[in-house]
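> Need a 3D model of the following:
(3 chains)
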Amino acid sequence: MLEITEGSMAVADAVRLCRPQVVAAYPITPQTHIVEALAEMVANGKLDADYITVESEFSALSACLGASAAGSRTYSATTSQGLALMFEVCFNVAGMRLPIIMTIANRALGAPLSIWNDQQDSISLRDSGWLQFYAEDNQEATDLHYIAYRVAENPAVQLPAFVCFDGFILSHTYEPVDMLSQADADRYLPKYAPTERLDAADPISFGMYATPEYYLEFRYETDKALKEAKSAIHAAGKEFGEMFGRDYSAMVEGYQLEDAETVIVAMGSICGTVKDTIDELRKEGKKVGLLKIRVFRPFPSEDLAKALKGAKHVAVLDKNISLGAKGAVALEVKDALYGSGIPVYDYIIGLGGRDVQKKDIREVVALAEKGKGDQFIGLRKEVL
Amino acid sequence: MALAVGCRARPGKGRDNKTGSWRVFKPIFDHEQCSKCGTCQTICPEGCITEGFFDPDYAYCKGCGLCAEECPKDAIAMKQEEK
Amino acid sequence: MADKTCELFDCGHRACGGCGAALAARLMLKAAGTNSIVVSSTGCMEVFSTPYPETAWKVPWIHSLFENASAVASGIESSLKKQGRKEKVIVIAGDGATFDIGMLCISGAFERGHDITYICYDNEAYMNTGIQRSGATPYDASTTTSPAGSQSFGNKRPKKDMPRILAAHGAPYVATASIAYPNDLIQKIEKAVNTVGPTYVQIHAPCCTGWGFEGDQTMAIAKLAIETGLWVNYEMVDGTVTKVKKVVRKPVEEYLKTQKRFRHLFKPKRQDAELAAIQAIADKNAEKFGIDIKLKKE
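You can find the predicted model right below:
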């Protein structure tokens, strides 16, 4: 059913339809509307879950870890500083192979303090072993929650996942969203049935420590599971498409890509602005296209290399920066295209809520065509 | 044996580690003196003293000497381990 | 009633010979029984009992991090509730994980009123990392980060009063226990586990390696701590002290001189002022809890 609703409400509703048994979250802007909505659903009996009002994000994810190990489907949401506070637990959850789903309403990291959007928070957890999905709009943001649970709980995967959507830009924006019915959601996402759980009837020790004889192998296995999750993502996205008409089988998605000479690579809501700009540039006769990355972990290197095969210039938009190096997405794209001879340029853009407009995208395209890159876009030189 | 997902294990393998090899002094239980009060069994940090005749499982006994020290009947003597 | 013959902490663990914490774990599991889920913090006990794949735990057990055991326990309790399951959730953590780094999570879990039992095995320093000072280290104890020296008598602060802090959270049952009194310890854990809501038991568990004494003296030293009034065994129900172990008190010196961590108070020179300060701590404990047995004058 099509509803015009705020992004956070749509996400909260999708989470409700996924039937988590335990929700643990701590308020942080711009995630608050999601968790407030979930608390209200619990209070009104619309969501049969226990909502743990933890005293910190660190405890939010720790509580989810316990609940997940005990056999419940669990959910949390956070952003920015909250995610940074969860850093230690994030690595732990992945290493313990617990399929927790967490929405990230992407926001910048301090200092300086900023409540506004970029993707530094989730990108900074790229090494933690979580799957990372990025949504372009609120329809995708809601749909990715069902898919994330399906993939994470797949016995061959057993890993946690972030569903990332841009804070304020999506979380606080009203858009039409097609919501599933509970019956459809249940059909797509069956009840969580973990292979192992904390259970007095079958005692298992969880979270043992590994000596040097074993640690390397455990890391190998987790890495392998994350890489092999690609086929589970493909299958879950395809099945979603077959059932509800919106196909998410691809981890990267092209727009005007076929004959594109300059290809922009981007993640999240910025893709909308890029598409609008491409429409204008196409009318002007410029062969420009977009490759949207929907799944950042596992990184779809092969799909990306295949999609970018015909490109003359690749311009990566990074809403993050690995300080002292480059944007994290560009580094991955360069790695995926290594040896192809295709030049990859990196543009740091939209940090801390700086508005990204069509003129900025035009500038990026012009720079890439001139072979110039690896720079910030939209710097206010007058304040430097 | 395949690696367990997420570094988990069921009980049992813990007993593979035979801590008796750590022992320097060995407790010798004198059943004549023993009043079967059960103190040694209760306070053994290894939980390796069986009830009834109160004998330690030497495969695990580390020879800490707590049982000998606490025995109210002085029925346990610590003897240097012969290796 | 607890089945005292029940052994749920398996042989083969790597604790030092005469380890107070290992004994505490064994006794605690006798009290809790098989219908338990145990959450451990990072620390000595976690390390000596669970190198993959050799677990000593015959009940379901989980370890996540150093400081989050009570948050993990909150999640487990919440999950069990939603599943309609009845297992008891028990945290066992060292004093560093309890008094210091885990304080935030403990406070949150107790304030929210989860039905969990939190057991702290208190060996009065960070033993796993090599005997560093914690908030539970007693006054004047020499540790590797509070060493006695020409300008120092060791740890400068008395122990943090954790039981009272948790009682102030509204915990319905708070108790202190000692491995020196196994039956009392078992009874207290049983009571804590069977009380609805967040309960706390702090167990004095001497560490031969960290305190500097022979492993066969663990019980004797734990007993001396009580007999000198430096450790008090008591119970608090709804914030009120209801039961106290009374003793005919001995001078604190009898306890202190048994351990290397207090050796600097006697050698090279007897430190009378410091010994008097520690005696004053014991005297204050005695007064506060009324532990002294008054002997009739002949």
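> From here on, just use CA atoms for contacts and neighbour counts.
Fine.
> least trustworthy helix or strand in chain B by mean pLDDT?
Scoring the helices and strands of chain B by mean pLDDT, DSSP states H and E places strand B:49-50 at the bottom, with a mean of 90.
> need the next SSE after that one, C-terminal direction.
strand B:55-56 (DSSP states H and E).
> thinking again about what came up before, for the least confident helix or strand of chain B, packing partners?
Counting contacts by 3 or more C-alpha pairs under 8 Å, 6 or more residues apart in numbering or on different chains; DSSP states H and E, strand B:49-50 packs against helix B:39-43, strand B:55-56.
> cutoff 7 Å now
Contact analysis of strand B:49-50 by 3 or more C-alpha pairs under 7 Å, 6 or more residues apart in numbering or on different chains; DSSP states H and E lists strand B:55-56 as its packing neighbours.
> The strand it packs on pairs with which strands, parallel or anti?
Sheet partners assigned to strand B:55-56 using DSSP bridges are listed as strand B:49-50 (antiparallel).
> what's the burial count for residue A:188?
Summarising burial for residue A:188: neighbours were counted as other C-alpha atoms under 10 Å in any protein chain shown, giving 18.
> can you list the weak-confidence ranges in the stretch 101-250 of chain C?
Judged by pLDDT under 70, the stretch 101-250 of chain C has no weakly predicted residues.
> which element is the residue nearest to the spatial centre of chain A on?
Centrality entry for chain A: nearest residue to the mean C-alpha point is residue A:133, 2.9 Å, by C-alpha atoms, centre = their mean. Counting by DSSP H and E, the element that carries residue A:133 is strand A:131-134.
> List the contacts of that strand.
In this structure, residues lying in contact with strand A:131-134 by C-alpha atoms under 7 Å, 6 or more residues apart in numbering or on different chains are A:160-165, A:267-268, A:294-298.
> try stretch A:270-283
With C-alpha under 7 Å, 6+ apart as the test, stretch A:270-283 has contacts from A:136, A:288, A:289, A:292, A:357, A:358, A:361.
> switch the cut-off to 6 Å
The list of residues contacting stretch A:270-283 from outside it, by C-alpha atoms under 6 Å, 6 or more residues apart in numbering or on different chains, reads residue A:358.
> Show me which parts of that stretch are buried, residue by residue.
Neighbour counts over stretch A:270-283 (16 or more other C-alpha atoms under 10 Å in any protein chain shown) mark A:270, A:271, A:274, A:275, A:277, A:278, A:279, A:281 as buried.
> quick one: which helix or strand includes the fifth one?
Think residue A:277. helix A:270-283.
> what sits against whatever residue of the stretch 151-298 of chain C ends up closest to chain B?
When scored by C-alpha to the nearest C-alpha, the stretch 151-298 of chain C has residue C:216 as its residue closest to chain B, at 4.0 Å. With contacts defined as C-alpha under 6 Å, 6+ apart, the neighbours of residue C:216 are B:64, B:65, B:66, C:18.
> immediately after the strand holding residue A:133, which helix or strand?
Moving toward the C-terminus from strand A:131-134, the next helix or strand (DSSP H and E) is helix A:138-153.
> residue contacts, the closest residue to residue C:54 other than its chain neighbours?
What sits nearest to residue C:54 in space, not counting adjacent residues and going by C-alpha to C-alpha, 6 or more residues apart in numbering or on different chains, is residue B:14, at 3.9 Å. With contacts defined as C-alpha under 6 Å, 6+ apart, the neighbours of residue B:14 are C:12, C:54, C:55, C:56.
> okay, the angle between the longest helix seen in chain A and helix A:138-153?
The single longest helix within chain A, with elements called by DSSP state H, is helix A:215-244. Direction vectors for helix A:215-244 and helix A:138-153, defined by axes from the mean of the first three to the mean of the last three C-alpha atoms, to 10 degrees, enclose an angle of 130 degrees.
> and helix A:215-244 with chain B, contact?
No. Under the criterion of C-alpha under 6 Å from any C-alpha of the partner chain, chain B is not reached by helix A:215-244; the shortest gap measures 7.2 Å.
> List the buried residues of that helix.
In terms of neighbour count (16+ other C-alpha under 10 Å), helix A:215-244 has its buried residues at A:218, A:221-223, A:225-227, A:229-230, A:232-240.
> returning to what we had before: list buried residues within the contacts of strand A:131-134.
The buried subset of the contacts of strand A:131-134 (16+ other C-alpha under 10 Å) comprises A:160-165, A:267-268, A:294-298.
> Remind me which helix or strand the residue of the stretch 51-200 of chain C found nearest chain B belongs to.
Of all residues in the stretch 51-200 of chain C, residue C:54 sits closest to chain B, with a separation of 3.9 Å (C-alpha to the nearest C-alpha). In this assignment (DSSP H and E), residue C:54 forms part of neither any helix nor any strand.
> Does it touch residue B:13 like I think?
Yes. At 4.6 Å, residue C:54 counts as touching residue B:13 under the criterion of C-alpha atoms under 6 Å.
> Compare the two and say which is more crowded by neighbours.
Applying other C-alpha under 10 Å to residue C:54 and residue B:13 shows that residue C:54 carries more neighbours, namely 25 against 15.
> State the distance from the more buried one to residue A:128.
Between residue C:54 and residue A:128 the computed distance is 26 Å (C-alpha to C-alpha, to the nearest Å).
> tell me which parts of the stretch 1-150 of chain C are close to chain A?
By C-alpha under 6 Å from any C-alpha, the residues of the stretch 1-150 of chain C that approach chain A are C:35, C:50-52, C:59-64, C:71-72, C:74-76, C:79, C:108.
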